[in-house]
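1. Provided below are the primary sequence and the corresponding predicted coordinates.
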Amino acid sequence: MSHIRKRKNGKYQAIVHNKNYPTQIKMFIERSAAIKWAKDVETQMDKKIFEDFSGAAGTTLREVIEKYRDEIVVNHKAVRSTTSKLNLLLRHKICFYNLMQLKSSHVYKLKKELSISTFVA
């Protein structure tokens, strides 16, 4: 179920509630765009193809690598070498992208800039 409401700032807020999914909320300048988005999300939820990417938009690659390094790598046999490789990667500008912005072209550029032999154990 969805509904659209007008905010004090003149924008429209679309809210979609569904029992099996988290509530989806998005702001729009035009009411028609809000209605279209709400219908699209409801349709995807009904067809069971809806995917919530809101967490990916607020998470950077740096956060993911740091969490992996701090929680998973400590249990590996090659802790020191893997940690140093991840720290090298953390110094690269690719880590500032959030997961929604990250594209294969960024990874390709990283591969070109860093020698692939750096990451071989």
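-> The structure has been received and is ready for your questions. Numbering: from 1, shown residues only.
2. what does the helix or strand of the chain at the bottom of the mean pLDDT ranking rub up against?
-> Lowest by mean pLDDT, DSSP states H and E among the helices and strands of the chain is helix 54-57, with a mean of 75. Helix 54-57 is contacted from outside by Gln24, Asn98, Leu99, Met100, using Cβ atoms under 8 Å, 6 or more residues apart in numbering. C-beta: built from backbone N, CA, C; applies to glycine.
3. report all helices and strands that the helix or strand following that helix contacts.
-> From helix 54-57 onward toward the C-terminus, using DSSP states H and E, the following helix or strand is helix 61-71. Packing partners of helix 61-71 (3 or more Cβ pairs under 8 Å, 6 or more residues apart in numbering; DSSP states H and E): helix 79-90.
4. in the lengthiest helix in the chain, what counts as buried?
-> When the chain is parsed with DSSP state H, its longest helix is helix 31-46. Across helix 31-46, burial judged by 16 or more other Cβ atoms under 10 Å covers Ala34, Trp37, Ala38, Val41, Glu42, Gln44, Met45.
5. three-state assignment of the residue nearest to the fourth one when sequence neighbours are not counted?
-> Think Val41. Distance criterion Cβ to Cβ, 6 or more residues apart in numbering; nearest residue to Val41, sequence neighbours excluded, is Val16 at 4.8 Å. Secondary structure state of Val16, per DSSP: H, G, I helix; E, B strand; the rest coil, is strand.
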